[in-house]
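[1] Next come a sequence and a model predicted from it.
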Amino acid sequence: MTSPHAMKAKVSAKGWVVIPAALRKRFGLKPGSLVEFLESDERIVLAPATKDPVEELYGKLAGHISLREALIEERARELKREEARVCVG
């Protein structure tokens, strides 16, 4: 049974299938996007892979000071303030 919205593609000798441009655009598939193949009632279902939130954030803060370094710097400032209060008092 074929859906009226079905699109067809031919499987190459290497097992490659081209995803139609309309579907790539609709689902935001770009070069490098991951997809999943699922089995469902004698069918193969192709779906955009669920994004790993950790991988999505990897490298987003590159070039910025690390949280660890920021905490160390803040603690050093606090220590100087505490020492200044002790010396004055």
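    Sure, I can see it. Numbers count the residues shown, from 1 in each chain.
[2] what's the helix or strand for the residue nearest to the spatial centre of the chain?
    Central residue of the chain (C-alpha atoms, centre = their mean): Glu56, 2.6 Å from the mean position. In the assignment (DSSP states H and E), Glu56 maps to helix 53-57.
[3] in that helix, what's buried?
    The neighbour-count check on helix 53-57 (16 or more other C-beta atoms under 10 Å) flags nothing as buried. No exception for glycine: its C-beta is placed from N, CA and C like everyone else's.
[4] what's it in contact with?
    Taking contacts as C-beta atoms under 8 Å, 6 or more residues apart in numbering, no residue outside helix 53-57 touches it.
[5] Pull that helix out as PDB, backbone CA atoms only.
    This file holds the C-alpha atoms of helix 53-57, laid out as PDB (Å, rounded to 0.1, in the frame of the first residue of the first chain):
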ATOM      1  CA  PRO A  53      22.200  17.400  24.100                       C
ATOM      2  CA  VAL A  54      25.800  16.900  25.300                       C
ATOM      3  CA  GLU A  55      27.100  16.600  21.800                       C
ATOM      4  CA  GLU A  56      25.100  19.600  20.700                       C
ATOM      5  CA  LEU A  57      26.800  21.700  23.400                       C
END
